[in-house]
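Participant: my questions are about this predicted structure, shown below with the sequence.
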Amino acid sequence: MRTGVVAGYEIPGRLVTLPLNGRKTPLDGFWSRGARCRRRLLIFVHGMTGNFYGSRLKKEIMRSAGAAGFDMLSFNNRGHGANTAT
């Protein structure tokens with residue numbers, strides 16, 4: 001698994017693409033595996049003006065959740081950046 005480094009945070013994970021049925025453009029996101037395999041997933045849904053990579057709070061949550069054994073998925077909503085599918 002590649003490591004993502006964003007603004008001084010090193011979070012193990014990978015970029016993912018989430019296809020949408022009936023939509024032209026998929027959503028981009030980041031998947032981070034927890035330190036332990038517990039089959040628990042937290043999905044971080046940000047506001048319409050946010051993104052999956054820019055929040056310091058989100059990065060702290062991802063780091064803490066990973067240490068506690070949770071997988072974490074965060075992704076861009078429709079209308080953010082290149083994600084203009086309707």
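Facilitator: All right, it came through fine.
Participant: so where's the protein shaky on pLDDT?
Facilitator: By pLDDT under 70, the weakly predicted segments of the chain are 1-9, 47-54, 78-86.
Participant: rerun at 90
Facilitator: The model of the chain has pLDDT under 90 over residues 1-40, 43-69, 73-86.
Participant: let me see the ranges of the helices in it.
Facilitator: If DSSP state H is used as the criterion, the helices of the chain fall at 56-67.
Participant: how many residues are close by Arg38?
Facilitator: 11 (other Cβ atoms under 10 Å). (Each C-beta comes from the backbone N, C-alpha and C, glycine too.)
Participant: what do you get for Arg63?
Facilitator: Neighbours around Arg63, by other Cβ under 10 Å: 16.
Participant: apart from its chain neighbours, what residue comes closest to it?
Facilitator: Nearest in space to Arg63, with sequence neighbours left out and distances taken as Cβ to Cβ, 6 or more residues apart in numbering, is Ile11 at 6.2 Å.
Participant: cool, Ile61 as well?
Facilitator: Using Cβ to Cβ, 6+ apart and skipping residues adjacent in sequence, the residue nearest Ile61 is Phe44, 6.7 Å away.
Participant: who's in contact with that neighbour?
Facilitator: 52, 58, 61-62, 72-74 (Cβ atoms under 8 Å, 6 or more residues apart in numbering).
Participant: kindly recompute the last result at 10 Å.
Facilitator: Applying Cβ atoms under 10 Å, 6 or more residues apart in numbering to Phe44 gives the contacts 29-30, 32, 50, 52, 55, 57-58, 61-62, 65, 72-75.
Participant: between those, which is nearest Gly22?
Facilitator: Phe75 (17.5 Å; Cβ to Cβ).
Participant: just to revisit the earlier point, quick one, which of the contacts of Phe44 are buried?
Facilitator: Using 16 or more other Cβ atoms under 10 Å as the burial test, the contacts of Phe44 include 29-30, 32, 50, 52, 55, 58, 61-62, 65, 72-75 as buried.
Participant: which of those residues fall in strands?
Facilitator: 29-30, 32, 72-75 (DSSP state E).
Participant: ends of stretch 24-34, how far apart?
Facilitator: 31 Å (Cα to Cα, to the nearest Å).
Participant: and it, which residues are buried?
Facilitator: 26-34.
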